[in-house]
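Here is my input; please provide its structure:
(2 chains)
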Amino acid sequence: MSISSKLVDDFIANDVSFITTVPCKQLAGVIDEVEARPEIHHVPANKEDEGMGLCAGAFMGGKRPAIIMQNTAIGVTINTLVTLTQFYRMPLPMLISYRGELREPVSCQVEMAVHTKALLNQLHIPTYHFHRESDADEFDTILKYTFMCNKPVAILTDASFWGGYGDQ
Amino acid sequence: MIRSDVLRDIAPIIRDHLVICNIGLPSQELHMIDDQPTNFYMLGTMGLASSIGLGLAMAQDKPVISIDGDGSVLTNFGTLPTIANNVADNFILLIVDNGSYGSTGDQPTYAGKKTSLAAVASACGCENVVECAAEDTGKTLQAALDSGKMTIIVCKCESGNIKLPVITKDPVVIRDRFMTAVKA
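Sure thing, here's the model as predicted:
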């Protein structure tokens, strides 16, 4: 089974039925998988804070939401995470491509990568880092944890986890 | 008419519906005029009333009215194509367009100058876009509810604010009360 299928299977097994996405090259496979599953209402967003607003509404409407985005979005969404998701105590699994890590070909991505964990830590957001494919074994447990504690939770997935960008 | 007059006018129409109310004075005014468990007051996060309302409308069947402002829609312009391309016929976006950032001291917005939010919404692909004068907001809103079609209403009103207190309800209380009303 592909890693994208496994992650989306875990979403479905945890009753996550509303997912909003802002694309990243690294996330293309998992976004395709989300779009393909009839159990999931997939709403592409133009910006990640907008996506978090959609997720907040879906949660209050009785659905379990999730967002899929790039780590650059942490820079975009701090206000929303703090004043909406955290202030109103809403759960939000954030499956994040961790650009700018080992095997990254684009130097500018490193500029946000060096701040990503520090920002998440400052925001007191529980953060998990998937580096090896087997790390995804914990995804199911992380989703259960997220909906238990009603918090945004970050799952950072780096290039090594996704198999890199080919030989470099 | 200023925004608080519009909210007073439509209060009997929106009372029985799910309402996502914009940050700042709009929420404070609605809270003072007619506090209901079906009202979700945004205490922060400028710009997302339309996104929260659309997400709520897609997740359940009851009608949802997002009360937004021209300044807030300008802040989250990406919301209009998302709304246009994800039609939820139980969703109404009511943009109270007074051409100013009311909560911060009535600084002018571009919607009060050359930019038409109704034209932008139509260009984004929204199919039922109605611009109305402030005094026609009630009947326009009622017609949108009766139509059962997703509708964007741009209500053109005067800028101006009334003095009133901030909302001191705990956000988790607001959210929990609202979710109970959604399920009722």
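
now the strands for chain B?
For chain B, applying DSSP state E gives strands covering B:18-21, B:39-41, B:64-69, B:91-97, B:100-101, B:107-108, B:129-133, B:151-156.

Could you report the separation of residue A:119 from residue A:125?
Noted for residue A:119: a distance of 9 Å to residue A:125, by CB to CB, to the nearest Å. Every C-beta, even on glycine, is put in place using the N, C-alpha and C of the backbone.

next SSE after the longest helix anywhere in chain A?
Among the elements of type helix in chain A, defined by DSSP state H, the one spanning the most residues is helix A:107-122. Proceeding N to C from helix A:107-122, the next assigned helix or strand is strand A:127-130, under DSSP states H and E.

Using CSV, list the CA coordinates for that following strand.
As requested, the backbone C-alpha atoms of strand A:127-130 are provided in CSV (Å, rounded to 0.1, in the frame of the first residue of the first chain):
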residue,chain,number,x,y,z
THR,A,127,4.3,18.3,17.0
TYR,A,128,5.3,15.0,15.4
HIS,A,129,8.0,14.7,12.8
PHE,A,130,7.8,11.8,10.2
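
what's the longest helix of chain A in contact with?
Residues outside helix A:107-122 that contact it (CB atoms under 8 Å, 6 or more residues apart in numbering or on different chains) are A:71-72, A:74-75, A:78, A:98-101, A:104, A:127, A:129, A:154, A:156.

How about the contacts made by the closest residue to residue A:15 other than its chain neighbours?
Once its chain neighbours are removed from consideration, residue A:15 has its nearest residue in residue A:64; the separation is 5.1 Å (CB to CB, 6 or more residues apart in numbering or on different chains). With contact set as CB under 8 Å, 6+ apart, residue A:64 has these partners: A:14, A:15, A:16, A:17, A:18, A:91, A:147.

Just the closest of those to chain B, please.
For the contacts of residue A:64, the minimum distance to chain B (CB to the nearest CB) is 6.2 Å, reached by residue A:18.

Same question for that closest one, what's its three-state structure.
Using DSSP: H, G, I helix; E, B strand; the rest coil, the three-state assignment for residue A:18 comes out as strand.

how about the residues of chain B near chain A?
Residues of chain B lying near chain A by CB under 8 Å from any CB of the partner chain: B:20, B:40, B:42-45, B:47-48, B:50-60, B:64, B:76, B:78-79, B:81-82, B:86, B:171-172, B:174-175, B:178-179, B:182-183.

Give me the buried entries from the residues you listed.
B:20, B:40, B:42-43, B:45, B:47-48, B:50-60, B:64, B:76, B:78-79, B:81-82, B:86, B:171, B:174-175, B:178-179, B:182 (16 or more other CB atoms under 10 Å in any protein chain shown).

And the helices in the chain?
Reading this off chain A. If you assign secondary structure with DSSP H, the helices in chain A sit at A:3-13, A:28-36, A:48-60, A:72-80, A:107-122, A:139-149, A:159-162.

try chain B instead
With DSSP H as the criterion, chain B has helices at B:3-14, B:25-34, B:49-59, B:70-75, B:79-85, B:117-123, B:137-147, B:171-183.

still on that earlier bit, in JSON lines: the helices of chain A, plus mean neighbour count and mean pLDDT.
Conversion of the helices of chain A to JSON lines gives the following (neighbours: other CB atoms under 10 Å in any protein chain shown; pLDDT from 0 to 100):
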{"stretch": "helix A:3-13", "mean neighbour count": "18", "mean pLDDT": "97"}
{"stretch": "helix A:28-36", "mean neighbour count": "17", "mean pLDDT": "97"}
{"stretch": "helix A:48-60", "mean neighbour count": "29", "mean pLDDT": "98"}
{"stretch": "helix A:72-80", "mean neighbour count": "20", "mean pLDDT": "97"}
{"stretch": "helix A:107-122", "mean neighbour count": "14", "mean pLDDT": "97"}
{"stretch": "helix A:139-149", "mean neighbour count": "17", "mean pLDDT": "98"}
{"stretch": "helix A:159-162", "mean neighbour count": "20", "mean pLDDT": "95"}
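
Can you convert these into JSON lines and add a column each for distance to residue B:14?
Written out in JSON lines, the entries for the helices of chain A read as follows (distance: least, CB to CB, whole Å):
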{"stretch": "helix A:3-13", "distance to residue B:14": "35"}
{"stretch": "helix A:28-36", "distance to residue B:14": "34"}
{"stretch": "helix A:48-60", "distance to residue B:14": "17"}
{"stretch": "helix A:72-80", "distance to residue B:14": "25"}
{"stretch": "helix A:107-122", "distance to residue B:14": "38"}
{"stretch": "helix A:139-149", "distance to residue B:14": "31"}
{"stretch": "helix A:159-162", "distance to residue B:14": "47"}
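
quick one, which of these is nearest to residue B:94?
Closest of those to residue B:94 is helix A:48-60, at 15.6 Å (criterion: CB to CB).

which other helices and strands contact that closest one?
Helix A:48-60 is packed against strand A:16-21, strand A:41-44, strand A:64-70, helix A:72-80, strand A:92-97, helix B:49-59, helix B:79-85, helix B:171-183, with contacts defined by 3 or more CB pairs under 8 Å, 6 or more residues apart in numbering or on different chains; DSSP states H and E.

Can you add distance to residue B:106 and give the ones you listed back as TSV?
Rendered in TSV, the data for the helices and strands packed on helix A:48-60 read as follows (distance: least, CB to CB, whole Å):
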stretch	distance to residue B:106
strand A:16-21	34
strand A:41-44	34
strand A:64-70	35
helix A:72-80	23
strand A:92-97	34
helix B:49-59	19
helix B:79-85	23
helix B:171-183	26
